[in-house]
Structures are given as C-alpha cells and as structure tokens.
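**Student:** dropping a prediction and its sequence here:
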Amino acid sequence: MGEHDGQVRVVSRRRFLGRSAAFLGSTAAFGILQACAGRATPSSSAPIASGGPGLSPGASGEATNPLGVPAGEPLEVVIFKGGYGDDYAINAEKIFNRVHPDTKITHLGIQRLREQLQPRFVGGNPPDVIDNSGGGNLDTAALVAEGQLADLADLMDAPALDTPGETFGDTLLAGSQSGGVFDGKQHVLKYASFVFGIWYSDSLFKSKGWQYPKTWDEMLTLSDEIKKAGISPWTYEGKNPYYFTQIFNQMIWKHGGMQTYVNLDNLEPNAWKQPEVVNVAEALYQLADRGFFLPGTEGLTNTESQAEWLQGKAALLPVGSWIENEMKGLIPDGFDMVVQPTPSLDASDKVPAQGIQSGAGEDFIVPAQGKNVQAGKEFLRVLFSRESAKFFAENTKSTTVVLNSTEGLKLGTAFDSVITAVSTAGPNLLDPLAGYVVWYNKLVTEVNNQMASLLTKRIQPAEFLGNIQKVADQIAQDPSIKKYKRSA
Amino acid sequence: MRARTPRDPARARRRRRRARFLITFLSPAIVLYSVFVLWPYAQSFYIALTQWRGVSANRTFIGLANFEKLVSDPNFWNALGHNGLMLIALPAATIGLALFFAALFAQGGRTVRGAGFYRVVFFAPQVMSVVAIGLIWSFVFHPTIGLLNGALSAAGLDGLKRTWLGDPDTVLWAIALVVVWQAVGFYMVLFIAGMQAIPMSLYEAATLDGASRWQAFWRITLPLLWGHVRTALVFISIGALDLFAIVQVMTRGGPNRASDVVALFMYETAFSFSDFGYATAIGVALLLMTLTLAVLMLKATQREHIEY
C-alpha cells in the first residue's frame, strides 16, 4: 500500500532547509541566544481580533475564514488532561470564540481517551478535534489505516492566525511535524516540543572534574572513572527500557546516517543486521558487560530510576526534557540537570556528535467523520497561534513547536541546556517520534523487550538484533498491518 | 382424593399466575444479562473470525485465519506456558496453606492462642484491591529500597538478594507469591466454616481410639471437607488462567515477556497492536480453555458424597 512518497518529502525537506535559519531565529526568541539570530523575527504577534489578522471586518470571506468554518455549527474539543492540564486549550477556545463568536464549543478534558473515544470512532460520531495523548491514547497508525483522520493539508497552507504574511505551516518549528505524516499526508500535529538525550548533574560533573565525552570510547573511559568514584555510571527505566531504545536509535542515526535509520522504518530485509546497527548494539552491550549499570536497574520503573539518579546513585540517565517538570519537588537544590546528545561511535559517524533527537508531543488529530471538520482544523490554527503558544509556555513551563512564542520567558537550567543542545545541533535533528516508532507498535514493543534482555546480558548483540529482525519480517509479511515508507 | 392432573383449572391458574410473577421479576435481570453478557459473548465468536482494527466499523471476514495465527504464535505459547505453571503452583500452594491454617485454628474445635487475631490478619488482603496489592508488593520487591532485599541484607544474606521483578528467573514466582498471599485468607475462612460443620463427636471418637491430630486431619477433616476443597480448586484454577490485573500492575508482562499471561497478551494485541480480531480469537480460546478446565476438574475430583 504505502509507496515512496518522495515528492512530498522533497517539499518538506526543502521547507526544512529553508527554515533551519528560521529555527535559529526561534532560539533567539527564547531569549537565550540573541546573538545567533539568523533572520529578523517579528517582534510581536499581530493582535487577534474578530475578522482575522490585520483585516477589516469587510474583507473577503476566504481571507477572514480561510478554512470555511460554517457559522453557528457547534465544535467539540477533547483534550488529554495530563501533565500539561487543559487550561491552555480552554484559553485557545476563548480565542476561537473571539474569531468565531457564534460557534458553541463543548470542551472535555479527560485522561483515558481510548475507552471513551474508541466506541465513538466505531459508531461514526467522533468529536471534531482531539489531543490524542497519554498512556491511554488511541492508536494513530490504526486510525490512519482506517481513514479516520482528516488530511490537514489545507490547514498547513492556510494563512497563520497572528503571524502576518506566513502560512500556518511556516510558523511551526522546522521538521517538528514529520512524525505526523502518513503516506505523504499530514494527519497529526504535535504541539509541545522536547529534546531527547543523556542527562547528568552539571554540579556533580564539575565537582569531580568530569567532562561529557564526544566519542563512545571516551564515554566508556568516563564511565569507568565514575564507577571508581563509587557512583554507578548509568541507570535507566529497567522494566520497560523505551528511553534506552531511543538512545539506540539516536546512535544508529548518527553512526549510519539517516539512510541506515530509514531502512529500519521501511522494514527493509535484514535492516536490523546492517553493520552500523550491529556496531551500535555492540557498543551499548559494553555498558552491561562492564557492569556500568546501577545494580537493580532492571527492576525499576522510569520514575524510580529517575529518583535514584536524582539521589546521586547513578550519574547518567537517558530521558527527554520533560524530566524537570516530571520530577518537580524531588530535585535536590543545586543539582543543575543538563542534557547532552549521544557521543559519536567513532570517526566514521555520518552525523556529527552534536546531533540530537528533537521532537514534539501532544498529538492533535481531526477525525474525518467529525460533524464539523473545518472548525476542528480552525481550532488547531488558533491553538498553534503565537498568542496561544505563549500562554501554554507560561502556564506549563514548557515550549511548543510554534516559532517566536516564548519571548522573555525564564525557565531553569534544564531548559537552558535544551536550548543550547538544539542550537549547537543546527540542522542535525532527528524526530524520535517518527518512522517505525509511530507506525509499528509491535516492533517498538519488541525492541523494548529485547533491549531489556540485552542490557541485562541475557542475550548477546547478535541474538538481540536477530530477534528484532524476526518480528520486523513478520510485520512486513502481515497483510493486516498497514505499511508506510519514507526516504532519508 | 382427586387425581392431580395439569388440567385442574384452579391449579393451572395458580401456575400461570406464579409464572407471570416470576417472569416479571426475573426479566430485567435476564434482559440485562443477555444484552451485556450473552450477546457480547456470542458476538465475540464472530469477531474472532474477522480482521478488525477496532477503530472503525470496518470488519473483514477471514475465517479461521486468526486461530491459525494463534497456534503458530510463540508469544501466545509463552504466555500460556506461564498460565500453565500458575495452574499447578497456585492451587497447590493456596489450598495447602489455607488447609494448614484452617486446621490449626479450627479442626476438632481446638485452636491455637490468638486464632481470632490471625484469622483477621490472614483475611485482610482479601478486602484490598488488586491494584493496591500490586503496588505495595512492587515496593516490597524494589531492588534498592525494597523490604525484601533490605531484610536479606539485615540478616547477612546479601548473596540471596535479587532484582525480583526484573529477573526472568524470579519474576513469575514473585507474582505467584503475591497471589497466594492474597488468596490464602479467603480460602482459610471457607475451610474453617466447613470444619466447624463437622460433628465434634467424630474427633472425640478418633481421639479415644488414639488418633493423632495429623491422622484426624487426613481421615476425618479432609474427606468431609472435600466439597469445599473442590470449589476452591475450581475457583483458583480459573483465577490462574486470568491473572491480568496483578501482572499488569506489577510487571506488564516483563522483563521481555518473562511474566506474560494470556489475558495480558490479549490486551496488548487489542490495545497496543490494534488487532482486535486476533485479540478476540485469543479471548475465545481462553474462554474455551477455562470452561474445559472447570468441567474436567469437577469430573476428576468427584467423590461419593458423605452424609454426616
């Protein structure tokens, strides 16, 4: 079914390159790296009033209402009420009503979306727009395969709400939406941005005189040194080592380049046995083989391993930048957590060591069978406006994919290191929530399971990759699973 | 006396009235049960024959393909193997311990000091939710701050410390321990109730004949308690084929499927892999296995009923 969607990829890659400069501009707007600004950024957003950006009420319907929201039809919004709450969505609904005063909005903030929404999809009466996130979310790939999600192309090309002269798509962080593209169609829009890497306490490293390494050999040497100092070098969420599989992905991408990684996504024969993938698996195995993990790590959940790390029992931890918010209240004073990308495996790496995984969460979808599809899209145009994104940042202390939306906000050491990591990475960013990670839950589960065995030395790297390859082959041959392709 | 025939008009009227009365009161329950239990059961037999992602009304009939996939799925056999081990371990341990405690506290009207207190303590886990129990025991088994490893350290037995829930060799038995811990109290109370119905005179006679408590247990208590033991056996066995909640809370089947059970595998297939047709086939297989097991068990443990 899914064939190469090269054409669309070319377009989005062009957009990506065109906007890598814009990205630097965005970091400047974060208020950290003003000097790096690559291009002038609008100093303030256009005020949103009824009638749309900078337009008089008498302007043509297409300009004030580019998506053709029907007047007076109700809009139903369902928000995952998790770590970010749902105040930001309620705020966006207020802005929506400023633009479309006669749309009656029903708002629902819930936790377990699957239980409540799955029967409505089956029954053909889903809500108009959904924040499909959290542990109990709906399987996006399955929804796409069943044609349940609207194509957001018209939204991407519509004028942005409060950034005059740019399309909606132009106002989003470069590359942040690639994980929401299925068969060349944008079906998901991601809102809250994050970085994924290896975290440590900057104060601890400084007091011991340790330097975060640039190569894997140096990493092994450093780990040895940390171990000699009486601290376990590493810990991770042992019961379900998903974050470690992301480290694995990041290293494969850097060592072998995007093509090597995309071969895994495309379920190419023996993709998991490519020499670059083997090298990375063998490197990670070294951590287990040399006893670098905190004893008992394999019995810890993610929050338990994070707590051990905060107590100083382990030095290095793979996780995403939500960690500071997640462990709020448990972080010792002066811990100064910072993030770094994975080191290069060796000199032959295709992507430089400063490359890092940068992605976005809070997946917004517009059901194709919703009663008011256009208003669902319009809600996203409002939510992803600069005014709304700024509210989100203030309200949740997290950033969004919306460019130029966090002027003048102060947000802690972890946040600063995220900004530094992303700006040093330049164009070398990998979306951790794209490709096989979102297409094939079964493969993700298998990589997690096998990673648990590899990191406890119950299997060797060859068996680890062999077991994953077996499941990848099964998926490739299973007609009930919809296949997707992408190109590097 | 007049012959009682069904044609007796007064009797027939009485009967009709009675039937109407019964139907009026039973029908709401029957309707609810049919709509929410029987109908979904019946439906699942059909869904098991389809390919269905569960997120639209779009289902394709594929015959027995899901069941063919099932018999050749190593993950299914892995999970079923774990249920099989539990099927042997749980009834043996639970019933054994429950009988032991019940005999200690109630056999022949004799008891140990503080029996009432122990009964309450042993029964307490039964009134707690499985989720709470799973979380509490996850902390007991916690590798660094857990009570179990802490106690082993304190006793100077560091060599026995394990990552109980992270080690494929121990994880299943750690979970089994929790299940037995929770169930023993309930079956103990069941057996105590049974023992209290056994006439004291039997034990008095046995004691006069010089029988030990041990002999009295095997020759009097167990045979007269057999009906209760059978019930317990069937209940615990059905439970051993499920175990979804406790495994989901404690390990989610990990590490690397070392504690996976069929019910959890079904859940994962449906909700993580969006393969509802296949998941329903797993459910149907599980239903048939449970029914067969219950029937076989009742047949195999049938004894002549002893009146007393």
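**Tutor:** Nice, thanks for sending it over. Numbers count the residues shown, from 1 in each chain, chains lettered A, B, ... in the order given.
**Student:** what sits closest to the closest residue to chain B within chain A if chain neighbours are left out?
**Tutor:** Closest contact between chain A and chain B, by C-beta to the nearest C-beta, is at A:Gly296 (2.6 Å). (Each C-beta comes from the backbone N, C-alpha and C, glycine too.) Here the nearest residue to A:Gly296 in space, its sequence neighbours aside, is B:Pro143; by C-beta to C-beta, 6 or more residues apart in numbering or on different chains that works out to 2.6 Å.
**Student:** quick one: residues contacting the one you found.
**Tutor:** A:295-300, B:149, B:163-164, B:166 (C-beta atoms under 8 Å, 6 or more residues apart in numbering or on different chains).
**Student:** try A:Ala142
**Tutor:** Counted by C-beta under 8 Å, 6+ apart, A:Ala142 has contacts B:53-55, B:274.
**Student:** of those residues, which ones also sit close to chain A?
**Tutor:** By C-beta under 8 Å from any C-beta of the partner chain, the members of the contacts of A:Ala142 lying near chain A are B:53-55, B:274.
**Student:** going by distance to chain A, which of the residues you listed wins?
**Tutor:** B:Ser274 (3.6 Å).
**Student:** was I right about that closest one contacting B:Ser56?
**Tutor:** No. Counting by C-beta atoms under 8 Å, B:Ser274 sits too far from B:Ser56 to count as a contact (10.7 Å).
**Student:** quick one, which of these two is more surrounded?
**Tutor:** A direct count of neighbours by other C-beta atoms under 10 Å in any protein chain shown for B:Ser274 and B:Ser56 places B:Ser274 higher, at 27 against 19.
**Student:** please report how far B:Arg16 lies from B:Ala245.
**Tutor:** 47 Å (C-beta to C-beta, to the nearest Å).
**Student:** neighbour count: these two, which is higher?
**Tutor:** B:Ala245 (15 against 10).
**Student:** the longest helix anywhere in chain B - contacts with which helices or strands?
**Tutor:** Criterion DSSP state H: the longest helix present in chain B is helix B:74-106. Applying 3 or more C-beta pairs under 8 Å, 6 or more residues apart in numbering or on different chains; DSSP states H and E, we find helix B:74-106 packed against helix B:115-123, helix B:171-196, helix B:226-240, helix B:262-267.
**Student:** between helix B:171-196 and the first one, find me the angle.
**Tutor:** Calculated by axes from the mean of the first three to the mean of the last three C-alpha atoms, to 10 degrees, helix B:115-123 forms an angle of 140 degrees with helix B:171-196.
**Student:** could I get the pLDDT score of the closest residue to A:Thr297 other than its chain neighbours?
**Tutor:** Nearest in space to A:Thr297, with sequence neighbours left out and distances taken as C-beta to C-beta, 6+ apart, is A:Gly238 at 4.4 Å. The score at A:Gly238 is 90. That number is its pLDDT.
**Student:** is A:Gly238 in a helix, a strand, or coil?
**Tutor:** Following DSSP: H, G, I helix; E, B strand; the rest coil, A:Gly238 is assigned to coil.
**Student:** now do the buried residues in the longest helix of chain B.
**Tutor:** B:75-76, B:78-80, B:82-83, B:86-87, B:89-91, B:93-95, B:97-99, B:101-106 (16 or more other C-beta atoms under 10 Å in any protein chain shown).
**Student:** mind saving the C-alpha coords of the helix or strand where A:Thr303 lies as CSV?
**Tutor:** Assigned by DSSP states H and E, A:Thr303 belongs to helix A:302-310. Extracted C-alpha coordinates of helix A:302-310, given in CSV (Å, rounded to 0.1, in the frame of the first residue of the first chain):
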residue,chain,number,x,y,z
ASN,A,302,11.0,5.2,34.8
THR,A,303,10.2,7.4,37.8
GLU,A,304,12.0,5.0,40.2
SER,A,305,15.2,5.2,38.0
GLN,A,306,14.9,9.0,37.8
ALA,A,307,14.6,9.1,41.6
GLU,A,308,17.8,7.0,42.0
TRP,A,309,19.5,9.3,39.6
LEU,A,310,18.4,12.5,41.5
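**Student:** quick one: residues contacting B:Trp52.
**Tutor:** Residues near B:Trp52 by C-beta under 8 Å, 6+ apart: B:58-60, B:276-277, B:280.
**Student:** in chain A, where is pLDDT below threshold?
**Tutor:** A:1-63, A:407-408, A:410-411 (pLDDT under 70).
**Student:** could you tell me which residues of it lie near chain B?
**Tutor:** Residues of chain A lying close to chain B (C-beta under 8 Å from any C-beta) are A:114, A:118, A:121-124, A:138-139, A:141-143, A:145-148, A:238-240, A:294-300, A:304, A:308, A:313, A:441-442, A:445, A:449-450, A:452-453, A:456, A:458, A:480.
**Student:** elements contacting the helix holding A:Thr303?
**Tutor:** strand A:314-320, helix A:323-326.
**Student:** ok now the shortest one, how far from the chain's centre?
**Tutor:** The chain centroid and the centroid of helix A:323-326 are separated by 15 Å under C-alpha atoms, centre = their mean, to the nearest Å.
**Student:** what lies in contact with it?
**Tutor:** A:83, A:199, A:303, A:306, A:317, A:331, A:337, A:396-398, A:412, A:414-415.
**Student:** for PyMOL, what selects the buried ones among those residues?
**Tutor:** The PyMOL selection below is limited to those of those classed as buried (16+ other C-beta under 10 Å):
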select buried, chain A and resi 199+306+317+331+337+396+397+398+414+415
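**Student:** in helices, which of the contacts of helix A:323-326 appear?
**Tutor:** A:303, A:306, A:396, A:412, A:414-415.
**Student:** A:Phe182: which of those is nearest?
**Tutor:** A:Thr396 (27.7 Å; C-beta to C-beta).
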